[in-house]
Structure formats: C-alpha cells, structure tokens
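[1] With the sequence up front, the predicted model follows.
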Amino acid sequence: MILNKYRIRFEKSLIQRINAFLLDTLGLPFVFFNQSRPKEIKKILIIRKDEIGDIVLSIPIYEAIKTKYPGAEIVVLCSRLTSEILKNNPYVDRIIKIDDFLDNEKLNLYTLIKCIKKEEFDIGIDPKGSIVNILIMYFAGIKQRISYYNVSGGKFLLTDHVFYERQIHEIEANLELLKPIGINRKVFFPKIYLTNEEEKHVRGLVKKARLKKFVLVYSIPSKRCKEWSLANFNKLVKLFPKINFLFTGIEKDRTQIEKIIQENKNCASLYDYNLRKLSYLASLAEAIVAVDGGPMHLSWIANKKTISLFGQNDIELWRPLNKGRVISHLPESEQGLNRRKLYLNEENKYMNMINVEEVAKVLRGKLK
C-alpha cells in the first residue's frame with residue numbers, strides 16, 4: 001500500500017501517514033515549478049539541527065561533498081551544543097547556530113528563513129526528512145533542495161526527493177542523499193578533529209585523577225526506553241574491584257550517578273564535559289560501556305572497545321561500524337516494528353532483558 005512508504009523511518013501512526021500522503025498529493029501541481037538547478041555550486045547548506053548522535057553520523061557527508069566540490073562553501077545549521085563536534089573539521093567552512101534564532105526557547109522561523117535567504121545557497125540538504133526543514137529550504141529560496149520524502153511528507157517542495165531505506169546504516173542513508181549532486185555512496189569514517197591543546201588537556205585530566213587504566217561509562221540515556229538501571233551498573237562495577245570506572249553525564253545526572261560513586265572506591269565522575277574532549281577521553285579508555293545514544297557514537301568512532309547496550313532501536317541502522325560489541329535482546333522480527341509504541345510509552349523491557357553477567361563477560365574480554 002502506498003501509505004506504507006510514509007512509515008519507514010519513525011513508524012508513524014496511520015493518521016500521520018495519511019496527512020503526509022495528502023500533503024504530497026495536494027502539492028503535486030507545485031512539482032513542475034521545482035525543477036531548477038544551480039548552474040554553479042558555490043554554497044551548500046546542510047540542516048542538522050537535531051541531536052548528538054545525528055551530528056556524529058552525518059560527519060561523513062561533509063567530507064564526501066568537499067572531496068567532490070572542493071571550491072564550494074559548506075555551511076551547517078545546527079545547535080550550539082552539537083556545533084562543538086564540528087569545530088576544526090576541515091570539510092566544514094562555517095556553522096550557523098540555531099540557538100541564535102530562538103525567541104523564549106521557541107524557534108523564530110521567520111528570522112531564520114530571512115537569514116538563510118540572504119546567504120543565497122545553491123543546494124540545501126536535510127538528512128532528517130523533516131517537513132519543517134524542507135519548508136525552511138523552500139521559503140529561503142534554495143535552488144536545489146534534497147531530503148527524504150517518506151518521513152513527514154513535503155515531496156512536492158523538493159527538487160530531489162530520496163526514499164529513506166531502513167535496511168542500511170544511518171551513515172549510508174545520509175550518503176544516499178548525495179546522489180542527486182553526483183556523489184555515489186562511499187562510507188567515510190566519522191572523525192572529531194581536536195587540537196593538540198585539547199588532547200593535552202584531556203591527558204592532564206586523566207593523569208590528575210590517577211586513572212592509568214579505566215573503563216568509561218555512559219549510564220544515563222536521553223529517553224527512558226534506552227535505560228539500563230543504575231542498579232545494574234552498580235552490580236557491574238562491583239564485579240571489577242581492581243578496575244577504575246569513570247562515569248560521565250550532565251549536571252542534572254549528578255544525584256543519580258553519585259550514589260554509585262559514594263558506594264564504590266574504584267569509581268569517579270565527570271559532568272558537562274566538552275563533547276569533543278569526551279570523544280578523545282574515550283580513545284584513552286581500556287573499554288567503554290554505553291547505553292544507546294549520542295555519547296555512545298562519540299565513543300565508538302574513537303575506540304573499538306565500545307560495548308553498546310541497545311533496547312528497541314534498530315541495530316543495523318545505529319550500530320558502531322568498528323569492532324565494538326553490541327548487546328541487545330530485541331528480536332530481529334521486531335526491529336523497527338515497535339519503535340513508535342516503545343518511544344511513546346517509554347517502555348524499556350528489552351533493556352531490562354540485558355543482564356549484568358553478560359555485560360561483564362564481554363567487558364572481561366575487552367580488558368584482556
């Protein structure tokens with residue numbers, strides 16, 4: 001059924017799929033007015049105003065574009081937080097921070113569109129497939145607009161619409177968006193570009209804390225459905241009394257994490273650490289244990305000894321591409337099918353199926 005095309009990425013409800021389908025059907029007459037292409041590619045905008053993991057997995061597209069069009073200016077629209085990940089990236093020329101267009105924590109679309117329109121971008125790329133992002137590109141007058149059409153609709157507003165495939169990794173899916181501008185899919189490995197001073201600062205932090213050998217832990221997820229209980233992490237730590245564990249998180253996680261720190265002498269904590277330095281810190285660890293999320297992606301691109309704990313998320317889409325180990329109990333037959341339900345109900349039954357001993361067994365292997 002044609003409506004099924006509009007459920008691929010986030011397992012939308014029937015009403016949402018119908019709305020997206022109707023939007024594209026009613027907009028068909030506009031398709032004939034959206035066929036213009038830039039004669040020369042001078043400026044390219046990539047809209048990536050979402051979360052840490054999304055930014056990390058989109059890094060390869062900047063390298064791919066710059067390699068093909070070395071003379072083009074590559075501009076990324078993202079948040080102030082995630083912009084740190086792209087700092088010093090040789091394939092990104094400039095960053096526009098979405099935070100500069102917030103009015104009482106709400107996005108001022110009019111001001112943002114006005115700003116982008118002045119830039120006169122030749123190409124706009126939206127790796128999220130968001131109708132909001134597509135509208136931004138359209139009203140900003142970007143000549144060539146590329147995105148997925150089967151996520152939230154907006155096909156008629158695009159000059160080049162791409163079908164989002166669930167069967168391939170998110171990095172590969174992002175690279176699929178580059179085919180309309182003559183770039184065939186080739187997987188570039190994500191990389192954070194740190195300065196010597198930043199690396200020196202991280203090594204100094206580790207030395208000061210006397211962490212000669214340590215396991216880095218990301219225990220607090222962004223959503224409850226990705227949560228592996230702190231009680232489990234506490235049990236895991238107690239199985240390795242001679243190994244140092246460094247727990248990281250944001251300030252609001254402090255109360256939860258400190259309960260483990262106070263109970264175990266081999267544990268330390270770090271809060272609100274710079275995302276770029278966090279990735280380098282991961283490269284210095286003997287191993288990493290991380291719940292599914294942005295910090296996990298920052299880790300596996302720096303250290304192949306990352307143990308990733310997955311709940312309902314599709315492993316094939318979001319798994320580490322190095323030799324890191326994924327632990328999950330989500331049946332293959334259910335991957336992608338229950339994602340919307342699990343997110344709405346914040347259900348984490350698949351994370352609860354992961355037992356401490358199986359994580360400990362994998363960790364022992366990484367520590368050999």
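    Okay, I see it.
[2] can we go C-alpha only for contacts and neighbour counts from here?
    Fine.
[3] In three-state terms, label Asn232 for me.
    helix (DSSP: H, G, I helix; E, B strand; the rest coil).
[4] check contacts around it.
    Asn355, Val356 (Cα atoms under 8 Å, 6 or more residues apart in numbering).
[5] how much space is there between it and Leu216?
    When distance is defined by Cα to Cα, to the nearest Å, Asn232 is 15 Å away from Leu216.
[6] One more: Ile327?
    For Ile327, the distance to Leu216 - Cα to Cα - is 17 Å.
[7] For these two, indicate the residue with more neighbours.
    Neighbour count, other Cα atoms under 10 Å: between Ile327 and Leu216, Leu216 has more, with 26 against 18.
[8] Wasn't the more buried one part of a strand?
    Yes - when three-state DSSP is applied, Leu216 is found to be in a strand.
[9] Name the helix or strand for Leu309, please.
    Per DSSP states H and E: Leu309 is located in strand 306-310.
[10] How about Lys66: what's its closest non-neighbour residue?
    Tyr91 (5.8 Å; Cα to Cα, 6 or more residues apart in numbering).
[11] can you check Ile168 too?
    Leu317 (6.0 Å).
[12] That neighbour - how many residues pack around it?
    The burial count for Leu317: 17, using other Cα under 10 Å.
[13] Show the model's pLDDT score for it.
    Looking at Leu317, its pLDDT stands at 84.
[14] quick one: strands adjacent to the strand or helix carrying Ile327?
    Assigned by DSSP H and E, Ile327 belongs to strand 325-328. Taking DSSP bridges as the criterion, strand 325-328 forms sheet pairs with strand 306-310 (parallel).
[15] In the stretch 151-300 of the chain, what residue spans correspond to strands?
    Shown for the stretch 151-300 of the chain, the strands assigned by DSSP state E, counting those that start in this stretch span residues 160-162, 214-218, 244-249, 267-271, 287-291.
[16] Most tightly packed of the ones you listed?
    Per-stretch averages of neighbours, counted by mean count of other Cα atoms under 10 Å, single out strand 287-291 among those, with a mean of 26.
[17] residues making contact with that one?
    The contact list for strand 287-291 (Cα under 8 Å, 6+ apart) reads 214-221, 226-228, 282, 296, 299, 303, 305-310, 363, 366-367.
[18] Of those, grab the buried ones for ChimeraX.
    Those of the contacts of strand 287-291 that count as buried under 16 or more other Cα atoms under 10 Å are selected in ChimeraX with:
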select :214,215,216,217,218,219,220,221,226,227,228,282,296,299,303,305,306,307,308,309,310,363,366
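[19] related to what we said a few turns ago, and the strands of the stretch 151-300 of the chain: which comes nearest Phe189?
    Across the strands of the stretch 151-300 of the chain, Phe189 has its closest neighbour in strand 287-291 (19.1 Å, Cα to Cα).
[20] Could you dump the strands of the stretch 151-300 of the chain into a markdown table and include mean pLDDT and distance to Lys87?
    Output for the strands of the stretch 151-300 of the chain, formatted as a markdown table (pLDDT from 0 to 100; distance: least, Cα to Cα, whole Å):
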| stretch | mean pLDDT | distance to Lys87 |
| --- | --- | --- |
| strand 160-162 | 89 | 29 |
| strand 214-218 | 97 | 23 |
| strand 244-249 | 96 | 21 |
| strand 267-271 | 94 | 21 |
| strand 287-291 | 97 | 24 |
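[21] Extract the residue ranges of the stretch 51-200 of the chain that are flagged as low pLDDT.
    166 (pLDDT under 70).
[22] Dig out what Val75 forms beta bridges with.
    Leu45, Arg94.
[23] Lys42 versus that one, what's the distance?
    The gap separating Val75 from Lys42 is 11 Å, by Cα to Cα.
[24] Compare those two and say which one has the larger neighbour count.
    Each of Val75 and Lys42 has its neighbours counted (other Cα under 10 Å); Val75 has more, 20 against 16.
[25] Pro90 is in contact with the more buried one, correct?
    No - Val75 is not in contact with Pro90 according to Cα atoms under 8 Å; the separation is 11.8 Å.
[26] need the contact list for Ser79.
    Ser79 neighbours (Cα under 8 Å, 6+ apart): Lys49, Asp50, Lys97, Ile98, Asp99.
[27] In a strand, the first one, correct?
    Read that as Lys49. No - according to three-state DSSP, Lys49 belongs to no strand; its state is coil.
[28] Please report the distance of it from Ile74.
    Lys49 is 15 Å from Ile74, by Cα to Cα.
[29] Which secondary structure state does the residue nearest to Ile168 sit in?
    Here Leu317 is helix, with the state taken from three-state DSSP.
[30] quick revisit: now, among the contacts of Ser79, which is nearest to Pro180?
    Using Cα to Cα, the contacts of Ser79 come closest to Pro180 at Lys49, 22.1 Å.
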